[in-house]
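[1] Just the structure for this:
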Amino acid sequence: MDGIYAGRRRLPPDVRKAQIVRTAADFFAEHGFAGSTRDLAAEIGVTQALLYRYFDTKDALIAAVFEELRDRYDPVNASILQNASMPLVDRIVEFYRVYLERVADPLSIRLYMYSALAGLDFHRTIMPNVEDSALKPVLAALRAEAGLPARRASTALTQTEFDLVAMLHAALVHICTRRFIYRFAMDDARFTAALRSTAACGVAGAMAVLKAAP
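    So this is what the prediction gives:
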């Protein structure tokens, strides 16, 4: 076989299991969660029967893939957004550059999309809570820039506040969708430029709405 186990059939069980999980993550990111375990086993270079010795069901394997990725998604330090010595757009660009590097790399963004389409819980159980990790910190920076009083951290976002920051967040994340799902040509410089122009438009619109709100 030409898979990852060719010529290495006596790997310790824990090593082999870890390799199965890593290869399964790449497989599901490319083919979606409807991809068959038979095709996955062939790509790994093992029999389907051997695959099921390590994971009783396909769902168990998917759960192991999600668990393997869990530790990658530490929340970004919101202090980036609090550095008033930088223009607000620059702060948001830097915050999202770090945030998206953690949660929207090629593997993660494709697994995220396929998970949502399959009705799985990747985005709820594995990735950071978006409201706490991104929306509330961004809103706090916007309100400070607009000269509005700070909100209590425990206070839920109003519908207007949520819509404002969720739209900005979605527009910035969509740049990764264009890059890794639609596979538009986009090097790092073009990616950063897209972050900046999108953030500039979103901040201008959000600030106008916040200032005009009663």
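
[2] And Asp188, how close does it get to Ala134?
    From Asp188 across to Ala134, the span is 21 Å (CB to CB, to the nearest Å). Quick note: C-beta positions are derived from backbone N, CA and C, even for glycine.

[3] With Leu111 instead?
    Distance from Leu111 to Ala134, by CB to CB: 19 Å.

[4] report the longest helix in the protein, please.
    Longest helix in the chain by number of residues (criterion: DSSP state H): helix 188-212.

[5] by contact count, what packs against it?
    helix 88-103, helix 136-145, helix 159-180 (3 or more CB pairs under 8 Å, 6 or more residues apart in numbering; DSSP states H and E).

[6] Dump the ones you listed to TSV, plus mean neighbour count.
    Listed next are the helices and strands packed on helix 188-212 as TSV, based on neighbours: other CB atoms under 10 Å:
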stretch	mean neighbour count
helix 88-103	20
helix 136-145	21
helix 159-180	18
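
[7] For Ala78, find the nearest of those helices.
    Closest to Ala78 of the helices and strands packed on helix 188-212 is helix 136-145 (CB to CB; 3.9 Å).

[8] The closest one packs against which elements?
    Counting contacts by 3+ CB pairs under 8 Å, 6+ apart, helix 136-145 packs against helix 79-82, helix 88-103, helix 159-180, helix 188-212.

[9] who's more crowded, Asp188 and Ala134?
    Ala134 (26 against 8; other CB atoms under 10 Å).

[10] And the nearest residue to the more buried one once chain neighbours are set aside, how close does it get to Tyr182?
    What sits nearest to Ala134 in space, not counting adjacent residues and going by CB to CB, 6 or more residues apart in numbering, is His169, at 5.7 Å. Distance of His169 to Tyr182, computed by CB to CB: 19 Å.

[11] Point to the residue nearest the middle of the protein.
    Residue closest to the average C-alpha location in the chain (CA atoms, centre = their mean): Val103, at 2.9 Å.
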